[in-house]
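Peer 1: quick one, fold the following:
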Amino acid sequence: MVFVGLLLLAYCPDIVLTQHYYEDYDDTNSQIMEMYQKFGSHLFASPDYESGVRVANWYARSGVNPEELGNYVEGDIVFPNNISMARNGIVTLSSKWPHGIIPYTIAGRFSQTDLQTLKWAFAEYARLTCIKFVPRVNELDYIYIANDREGCYSAVGRVGGAQKINLQSPGCAQRGTVIHELMHVVGFFHEHTRWDRNRYVTIDYRNIIPGALVISNDNR
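Peer 2: Next up, the predicted model:
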């Protein structure tokens, strides 16, 4: 899977990385933070029913991923109100999980099929990366996985305390979407926000929903 190498590089302490890599990684995150600042208070939109309706009406042959349907930043990213803010905007968007261990609880009512998908996703991360999702015991920082009628969404990285990841079933409980949202939990933004994006892809701005909260690396 494409995400494996990225996860290993960014979060596995046993892999030796060059100082050049760390500088590039930090610079990229700083640039992303600056781009998100332009949304101001819109970053902190509350989960809404309209997103849930869209996902409820989603079907596999629609040609759209369910995580793209939310009224959130780029469709599925949410920012809790406790994110540090400075006079000029966001100070930090997320933090890494200590030792790559992410405690979780299942807060929503999921079918056995959905639970098996979650179990599969956790196993894939453990098998292919150094990231481990473990049942919460008494950890203060953890994720709780809900199945509310609010679409698909997650915060990026560890934000502190109990943080919600919503996987509205059945649309958001598909394998690809579960892996996608868990990548946000780990700390990854969307690939189109990378500083080197334009070397590999061309963005067709005509396909962006008017008014959507989408950032790019060219201030558009």
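Peer 1: how about low-confidence regions in the protein?
Peer 2: 1-45, 81-94, 209-220 (pLDDT under 70).
Peer 1: now the strands for it?
Peer 2: Along the chain, the segments classed as strands by DSSP state E run 85-86, 89-90, 101-106, 132-135, 142-146, 152-153, 162-167.
Peer 1: next, the angle strand 162-167 makes with the fifth one.
Peer 2: When you say that, I think you mean strand 142-146. With axes from the mean of the first three to the mean of the last three CA atoms, to 10 degrees as the basis, strand 142-146 and strand 162-167 are set at 30 degrees to each other.
Peer 1: partners of strand 142-146 in the sheet?
Peer 2: Here strand 142-146 is paired, per DSSP bridges, with strand 101-106 (parallel), strand 162-167 (parallel).
Peer 1: among the ones you listed, which comes closest to Glu68?
Peer 2: Of all these, it is strand 162-167 that lies closest to Glu68, at 14.5 Å by CB to CB. For the C-beta atoms, the positions are set from N, CA and C on the backbone; glycine is no exception.
Peer 1: list the beta-bridge partners for Ile106.
Peer 2: Each beta-bridge partner of Ile106 is listed here, defined by DSSP bridges: Ile145.
Peer 1: that one reaches Leu115, doesn't it?
Peer 2: Yes - with contact taken as CB atoms under 8 Å, Ile106 and Leu115 are classed as touching, separated by 7.3 Å.
Peer 1: still on that earlier bit, mean neighbour count, the strands paired with strand 142-146: which tops it?
Peer 2: Between these, the one whose residues have the most neighbours on average, counting mean count of other CB atoms under 10 Å, is strand 162-167 (a mean of 22).
Peer 1: and the contacts of it?
Peer 2: Among residues not part of strand 162-167, those counted as contacts by CB atoms under 8 Å, 6 or more residues apart in numbering are 47, 80, 107-108, 110, 114, 118, 141-148, 150-155, 172-173, 177-178, 181-182, 184-185.
Peer 1: where do the helices sit along this protein?
Peer 2: Along the chain, the stretches classed as helices by DSSP state H are 2-11, 19-36, 49-56, 112-128, 175-186.
Peer 1: before we move on, the earlier item: distance to Gly75 added to the strands paired with strand 142-146, as a markdown table?
Peer 2: A markdown table is the format used below for these (distance: least, CB to CB, whole Å):
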| stretch | distance to Gly75 |
| --- | --- |
| strand 101-106 | 22 |
| strand 162-167 | 13 |
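Peer 1: quick one: closest of these to Ile131.
Peer 2: Among the strands paired with strand 142-146, if distance is taken as CB to CB, the winner is strand 101-106, at 6.8 Å.
Peer 1: hang on, the earlier thing: just the buried members of the contacts of strand 162-167?
Peer 2: Among these, those classed as buried by 16 or more other CB atoms under 10 Å are 47, 107-108, 110, 114, 118, 141-148, 150-155, 172-173, 177-178, 181-182, 184-185.
Peer 1: for the closest residue to Arg54 other than its chain neighbours, grab phi and psi.
Peer 2: In space, not counting the residues next to it along the chain, Arg54 is nearest to Leu69; the distance is 4.1 Å by CB to CB, 6 or more residues apart in numbering. Note on Leu69: its backbone torsions stand at phi -100, psi 0 [degrees, to the nearest 10].
Peer 1: burial count for Leu69?
Peer 2: Residues within reach of Leu69, counting by other CB atoms under 10 Å, total 26.
Peer 1: isn't it right up against Val55?
Peer 2: Yes - counting by CB under 8 Å, Leu69 touches Val55, with 5.5 Å between them.
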